[in-house]
Each structure stands twice: as structure tokens, then as C-alpha cells.
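Enquirer: Just a sequence and a predicted model for now, questions to come.
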4 protein chains.
Amino acid sequence: MRSVNVNMGKGRLEAFSDGVIAIIITIMVLELKVPAKPDLEALSKVWPVFINYVMSFIYVGIYWNNHHHMFHIVRSINGAVLWANLHLLFWLSMVPFVSSWMGENPFSVVWPMALYGFVLLMNAVAYSILVAVLIKHEGENSALAIALGKDWKGKLSLICYIVAIAFAWVNTYISFGLYVAVACIWFIPDRRIEKKIADDQV
Amino acid sequence: MRSVNVNMGKGRLEAFSDGVIAIIITIMVLELKVPAKPDLEALSKVWPVFINYVMSFIYVGIYWNNHHHMFHIVRSINGAVLWANLHLLFWLSMVPFVSSWMGENPFSVVWPMALYGFVLLMNAVAYSILVAVLIKHEGENSALAIALGKDWKGKLSLICYIVAIAFAWVNTYISFGLYVAVACIWFIPDRRIEKKIADDQV
Amino acid sequence: MRSVNVNMGKGRLEAFSDGVIAIIITIMVLELKVPAKPDLEALSKVWPVFINYVMSFIYVGIYWNNHHHMFHIVRSINGAVLWANLHLLFWLSMVPFVSSWMGENPFSVVWPMALYGFVLLMNAVAYSILVAVLIKHEGENSALAIALGKDWKGKLSLICYIVAIAFAWVNTYISFGLYVAVACIWFIPDRRIEKKIADDQV
Amino acid sequence: MRSVNVNMGKGRLEAFSDGVIAIIITIMVLELKVPAKPDLEALSKVWPVFINYVMSFIYVGIYWNNHHHMFHIVRSINGAVLWANLHLLFWLSMVPFVSSWMGENPFSVVWPMALYGFVLLMNAVAYSILVAVLIKHEGENSALAIALGKDWKGKLSLICYIVAIAFAWVNTYISFGLYVAVACIWFIPDRRIEKKIADDQV
């Protein structure tokens, strides 16, 4: 009975996470307010909000991709994993909020740029906690623990976010550049796990 | 054919519930209105709504976790279970409404605090009805009935909500404290069922 | 390979329908505007919208239940079924719109009451088309065709909606009473299909 | 282990896409603002937005149907497919935005009509990229590559959109007519793939 029970639990956690992430990624588009007039000038005012939407879409997409890859090799879950996952979903759900605050203000304004970084930081922390809880549950020698390895990308991201938040008071363009840079690091799905899957299939 | 039919029914009920709960938990974030100005003062005004969002997120998360645990050991469902489940989803869908009414008013105001408790109470009642319908369907000697046992946590919660509603007219902080206390009781997923699953897997 | 292909198609149609119906049933709660003041009087003004929400929630719930029961014994689908299903989802998606128009006006106003009935009528027509397309695909002697039988409930509902729409110009309370009556007829899930499933399992 | 891993990946991609598309297709109905007065005149003002909603609903429905048909015969996915799919979902998520801009303006206005065509064009491009990435992954001789063949419908659509965008500056009715025409071409689900499935089942 073991595998059946275990897979069911994982299946619903994946389905619920997919639902929440699908909603988060989609409601952000509601922030794109319809231009007041039907001309190019009114449309161009939507531009900063659009850029913001693209970046937040990519960030949420990255989390979905990594979540997808990681749970692909997770074997079973428990109550602590459920809550660590909900904690991650909580911080992901804050992305639309900080994204629209940033979108409604000029790029050069400090607080929205810093808060955006803070929410990205908390997402990264929540993801790290989820990884730690999963490894504790599956064991240090599990396929998951070996596949994830030293997680330098996760650690580098944390440092980048902290630096970016601090730089919001100096120059918000540097902060924004760092957010873009971290997105680029993660854009490629987690090769560690793709490699593991490929190895399994040999 | 039995198991196939039965699992499909349960699968769709779980998927639909996951969808509705995912939407409920996510649309609450839409209540976090973007601050009017890009400074810390404007942001701090969002604070009470944020606290409220956190509590409602945890409450809905608790229901999802317990729903997940309970249906894990449910073997089959029928029409009555579908409606008892929809009844629970109805009261869960009222959480964003009462949550934002509470968030938009000072903590000390009576009616929003009392109505919040009333909706939590109705959720607990709906959950109890769902449990009763499931046990009636599965039988008094089913794994589910044995795993759930006396359900003192459920009964204690009902009492706490009623007391909290009454105290809204005396001191709203006591009411709020009771809501937090019940959340803490439930925060740990249902050990009764985790134990049952663990026993099965020996 | 037949069953695998066929089940996958049905599975995604069910999942997509569950998603759309879950969203429809949940976004209606967004129409419940937070009362302007934190007292009982302001709350009581939400009452008509709340009653409306309850009825629309039950109607959408009935469609989900019947959809769930019907696809339970569907064996395979094709392109025509996909579009007949999307057509049903289209008319279901109009329920929140007519529901809030009705909720924002007094009960005695003609047009919102009539349009509500029109959308219910179109839902019933769309459901009948879906049933016809499914029976054409599965065959007159299929389990589905036999289980559904003469469908007197479907036909009675159509008549009731048409009568209710006409009565909106006479007395809107009669129209509303008819909507409630039809909901009561359908409240019990489709016994024809539950019976079929039970028979299969003997 | 191969098939299990592979099917899981595909399953979650399908589920996530279903979730996002379900939300996109449903939130468009939120654009149907409740008429200000409860009479036929106020209702008739909703008419252009309604027509728009119908067309956008059909367009998103077409994408869901084709996505459903295509992934039906996809055997496995990889990281590039995940991103190509997210890219398609991004452009689909822009449909509600351009749809409501068009709905809020008279038919004869140039920019909303042109932007609507641009977003449809980008959706078609994103779908073509997804197809190309899938065929590169599955191989030129895969069932998918053979079933899709020369894709004249895809190429014709691209040309139609470009012509329609250009004609927005001449006569917006021609543009709209072309959007309707392309929808008609696609309305019938992808026979190439239905044929492939039917052949498999002989």
C-alpha cells in the first residue's frame, strides 16, 4: 500500500500548488488597466506595468518550473512538507501585490523596489526551507538530496536579493538589474535534476 | 469495476475542492490594496489587512490540509458527500468577504469581529457535517471512523468560536486571541490520520 | 491503446471543466461588496446579494454534480464533445454576471429577473446539447443513453424557465419561486446514474 | 521507469496549462460590467463587450482544444518545452487585456483593433514555437511530427493576422472579419491528430 498512499498525497500537493500558482500568475494581468483612450499614447503609459508583469510572470514561472522538477523526484511527503509548501505559496501570492505597487510608481522610487526584493528574498527563503524539510524527510542519501547537491544557485540568489534591497536606497536601476540577473540564472531549469532523471532512464 | 468507479469520483471531488480552495486562498490577496503613496507610511497602513490575510491564509490552509488528510483514507463517496463538501466550500468562500470587512475596520469594532467568528463557526459545522456524512457512508467500523476517533479538537473549536463571538461585545482582542488559539490547535495536521497511514505502511 | 487515449482525453476535459466551474463558483463571492460601515445595518444591505449568491452557488453546484455524475459513465469523447462542453461552460460563466445584476436591483425589477432566467435556460439547453452529442458519440444502446432514459427532469426544467421568464413581467416573485423550485428538483444528484453505478458494482 | 517519469511531467504541464487557461477564459467575464440601470437600454450597452467576450472565449477555447489534442500524442517533455509552453500561456493571458480595451471602444477605432490582432499573432507565433520545440524533442519521425504535417492552417493564420493588423488603419470591419474567419478555420479541432488517434486505435 505504501506507494499508493504516498503518491496520492504528492499528487494533491502538486495539483493544489499548480492551482494556486496558476491563479497568481494570471491575476497579475488584471493589474494591466485598460488605457483610458484608444490611442498609442495612452497605451504607452501601460508600458512600465507591462515590463513589470513580464518580470513577475517569469519569476513565478521559474518557481513553478523548479517546483515541478523538484517534486518529480520526491518520493513521499508528510505534514511538515505540506506546511512548508503552503509557506512558499504564501510568499508567491505576495508577488502580484508588490509587482503592482512597483508598476504604479516610477522606477526611481525606493520603497516599492526594495519591497519587491524583500518578497523575492522571502520566496527564496521559503523555497530553501521546503528543500530542507523535504531532504530531512527523504534522507541525506536520497535521490533528491544528491540531485540538489550544494545548491550554489539558491545561495547566490539570496545574496543578490539582499544586495539589491540595500542598493534600492542608492540606485534603483542596480536593484532592478540584479532582479533581472537572478531571473537569468534560474531561467534554465534545474539541470541537477534533469541530469538525475536522464541518468535514471539510461 | 468497483475501485475504478470509486476512485474516479473521489479524484474529481478532490480536484474540484483543490481548485475552489486554491482560488479562495489566492483572491484574498486582491484585498491588499496597493498603497496610495510609495513610502513606508502608506505601506504601514496595509499592515492590519496583511495580518488579517495571514490569519485567513492559515485558516484556509488548515482546512485544505485536513481535507487532504481525511480524503486520503476515504474509500468511496456518494451524492450526499458531494453536497456536504459543496456546503463546506460555500462557507470557506465566505472567508475572504469577512476577512476584508475585518481588515477595513479597526480591531476594536464589534460586528466584523463577530461575523468573522460566525463564518469560522459555520466552516467548523460544515466540516463536522462532512465528517458525519462520510462516516455514515463508510461505516462505523471503517478506517476513517476509527482514525477520527472522538474528535475533541473539532468539539473544542466549536466551543471556542461561540465564546469568541460572544466576547466580541466585551473585548474584541479576546475574540481575536481565541481565533489565533484555535488556529494553533489545528496547525499541526491531523495526527490521528497520519498515525493511521503510518500504521498501514508498516 | 484505445482505453488509454480515451481516458486521457476525458480526464483533461473533466479537469478543465472543474477548473472553470471552480472559478465561476468562487468569483461570485467577489460581488459581495464589503459593507461601508461596521454595523448590522450596513451588513443587512448585503442580504439580497447574499441570497442571490446562495442560489447561484447552488445552481452552479448542481451543474458540477450532474457533470460529474454524467462523465463518470462516459467512456470516450471526441472533438464535438469538447465544443459542446465549452458551450456549456460559456453559459455557466454568464451566471455571475446576471447574478450580480439581479443582486444590485430590488427583487421586483423585471429585466434582471428575466435575464437570470434566460441564462438558466441557455445553461439547460447547452446541457441538453452536450447530452445529445455524448449519446450520439456513445450510441443509443450505451450505458449513458440507458442511464439517462427519458430525461423528464431536463424537459420539466426547460418549461419552468420559459414560464418563469414570461412571469417576470407579471410578478417577479413567481419567477424567483420557479427558479428555487427547479433547483430543488435537481438538488438530489442524478439517481438514474447513481443507480447505474450501483448496479455495475453488484 | 522511463514512461512513469515522462508521463508525470506531461501530466503536470497539462494540469497547469488547464488551470491558467481556465482562469483566462473565466476572468474575461469580469469585464462584463453590470448595467447601471435595470432596463433593456442599459443592458444593450453591454452588447459590444459581450460580442467581444464571445469571440475571445472562442479563441481561448480553440487554443485549449488544440493544446489538448497536441499533448494527447506527445510522449515526453523537457525543460525547453516547459518554457515554450509558459511563453504561450503568457500571450494567452494578454487576451483579456486587449479584449477589454477593444470592448470599451467603438468598433471603428484603430489601435485597440490592431493590438487585438497583434496579441492573436503573438499567440500563433508562440504556438508555432511550442510545436517546433516539441518536434525537435520528439524527432522528425515521431507520431507528432507526422500528424502535424505541413501545418498550412497555422501558416495561413499568421498571414491573416498580419493582413488584419494592417487593415485596421483602412477599415476595422475588415480586420474584425479576418479574426472571425481565422476562428472559423480553427473551430474544427485538429483533424490531423484526431485521424492519427483513430488510426492508432484500429
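Expert: The structure has been received and is ready for your questions.

Enquirer: List of residues touching stretch A:156-172?
Expert: The contact list for stretch A:156-172, computed with Cβ atoms under 8 Å, 6 or more residues apart in numbering or on different chains, reads A:107-111, A:113-114, A:117-118, A:120-121, A:124-125, A:128, A:174-176, A:178-179, A:181-182, A:185-186. Where C-beta positions appear, they are placed from N, C-alpha and C, glycine not excepted.

Enquirer: Can you say which of those residues are buried?
Expert: A:109-111, A:113-114, A:117-118, A:120-121, A:124-125, A:128, A:175-176, A:178-179, A:182, A:186 (16 or more other Cβ atoms under 10 Å in any protein chain shown).

Enquirer: out of those residues, which touch chain B?
Expert: A:109-111 (Cβ under 8 Å from any Cβ of the partner chain).

Enquirer: got CSV for those, with secondary structure and pLDDT too?
Expert: Below are these laid out as CSV (DSSP: H, G, I helix; E, B strand; the rest coil; pLDDT from 0 to 100):
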residue, secondary structure, pLDDT
A:V109, coil, 90
A:V110, helix, 92
A:W111, helix, 94
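
Enquirer: Name the nearest of those residues relative to A:M94.
Expert: A:W111 (14.8 Å; Cβ to Cβ).

Enquirer: Could you list the residues of chain A in contact with chain D?
Expert: So chain A meets chain D at A:14-15, A:18-19, A:21-23, A:25-27, A:29-30, A:32, A:34-35, A:38-40, A:43, A:54, A:57, A:61, A:64-65, A:68-69, A:72, A:187-189, A:194, A:197, A:200-201 (Cβ under 8 Å from any Cβ).

Enquirer: Which of those are buried? Put it as a ChimeraX command.
Expert: The buried subset of the residues of chain A next to chain D, as determined by 16+ other Cβ under 10 Å, is captured in ChimeraX by this line:
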select /A:14,15,18,19,21,22,23,25,26,27,29,32,34,35,38,43,57,61,64,65,68,69,72,189,194,197
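
Enquirer: Which ones among the residues of chain A next to chain D lie within strands?
Expert: Of the residues of chain A next to chain D, none are assigned to strands by DSSP state E.

Enquirer: I'd like to know how far A:W111 sits from A:W101.
Expert: Using Cβ to Cβ, to the nearest Å, A:W111 is found at 8 Å from A:W101.

Enquirer: For these two, list the residues in contact with both.
Expert: B:P38.

Enquirer: what is the mean pLDDT for stretch A:88-100?
Expert: Stretch A:88-100 carries an average pLDDT of 94.

Enquirer: Which residues does it contact?
Expert: Contacts for stretch A:88-100 (Cβ under 8 Å, 6+ apart): A:17, A:20-21, A:24, A:27-28, A:31, A:49, A:52-53, A:55-56, A:59-60, A:63, A:67, A:112, A:115-116, A:118-120, A:122-123, A:125-127, A:129-130, B:25-26, B:29, B:32, B:34, B:54, B:57.

Enquirer: What sits closest to the most centrally placed residue in chain A if chain neighbours are left out?
Expert: Taking Cα atoms, centre = their mean, the centroid of chain A lies closest to A:Y63, which sits 3.4 Å from it. Leaving aside its chain neighbours, A:Y63 sits nearest to A:L92 (6.1 Å; criterion: Cβ to Cβ, 6 or more residues apart in numbering or on different chains).

Enquirer: returning to what we had before: could I get the ones next to chain B among the buried ones among the contacts of stretch A:156-172 as TSV with distance to B:G139?
Expert: As requested, those are exported to TSV (distance: Cβ to Cβ, whole Å):
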residue	distance to B:G139
A:V109	63
A:V110	63
A:W111	59
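
Enquirer: Could you name the helices and strands sitting against the helix or strand A:H137 falls within?
Expert: Using DSSP states H and E, the secondary-structure element containing A:H137 is helix A:110-138. Other elements packing on helix A:110-138 under the criterion 3 or more Cβ pairs under 8 Å, 6 or more residues apart in numbering or on different chains; DSSP states H and E are helix A:47-72, helix A:79-93, helix A:95-103, helix A:143-148, helix A:152-167, helix A:172-187, helix B:40-44.

Enquirer: so which of those is the most packed in?
Expert: helix A:95-103 (a mean of 25; mean count of other Cβ atoms under 10 Å in any protein chain shown).

Enquirer: okay, the angle between it and helix A:172-187?
Expert: 150 degrees (axes from the mean of the first three to the mean of the last three Cα atoms, to 10 degrees).

Enquirer: chain center to helix A:95-103: distance?
Expert: 14 Å (Cα atoms, centre = their mean, to the nearest Å).

Enquirer: That helix versus helix A:47-72: what angle between them?
Expert: 160 degrees.

Enquirer: where does chain A come near chain C, residue by residue?
Expert: So far as Cβ under 8 Å from any Cβ goes, chain A lies against chain C at A:G19.

Enquirer: Any stretches of chain A with poor pLDDT?
Expert: Chain A contains residues with pLDDT under 70 at A:1-9, A:188-202.

Enquirer: In contact with the closest residue to chain C within chain A, which residues?
Expert: Nearest residue of chain A to chain C, counting by Cβ to the nearest Cβ: A:G19, 7.8 Å away. Going by Cβ under 8 Å, 6+ apart, A:G19 touches B:18-19, B:22-23, C:19, D:19.

Enquirer: Which residue is the nearest non-sequential neighbour of it?
Expert: B:A22 (3.3 Å).

Enquirer: shouldn't the one you found be in contact with A:T26?
Expert: No. B:A22 sits out of contact with A:T26 when judged by Cβ atoms under 8 Å, with a separation of 11.6 Å.

Enquirer: Now do the contacts for A:I24.
Expert: A:60, A:92-93, A:95-96, B:26.

Enquirer: go again using 6 Å as the cut-off
Expert: Listed by Cβ atoms under 6 Å, 6 or more residues apart in numbering or on different chains, the contact set of A:I24 reads A:60, A:92-93.

Enquirer: Now do stretch A:140-151: distance from first to last residue.
Expert: Using Cα to Cα, to the nearest Å, the end-to-end distance of stretch A:140-151 comes to 14 Å.

Enquirer: do you know how far the nearest residue to A:L43 once chain neighbours are set aside is from D:A114?
Expert: Nearest residue to A:L43, sequence neighbours excluded (Cβ to Cβ, 6+ apart): A:P35, at 5.0 Å. For A:P35, the distance to D:A114 (Cβ to Cβ) stands at 13 Å.

Enquirer: now swap in A:F90 and tell me
Expert: For A:F90 relative to D:A114 (Cβ to Cβ), the value is 40 Å.

Enquirer: Repeat that for A:F107.
Expert: Taken as Cβ to Cβ, the span from A:F107 to D:A114 is 28 Å.

Enquirer: How about A:K155?
Expert: 47 Å.
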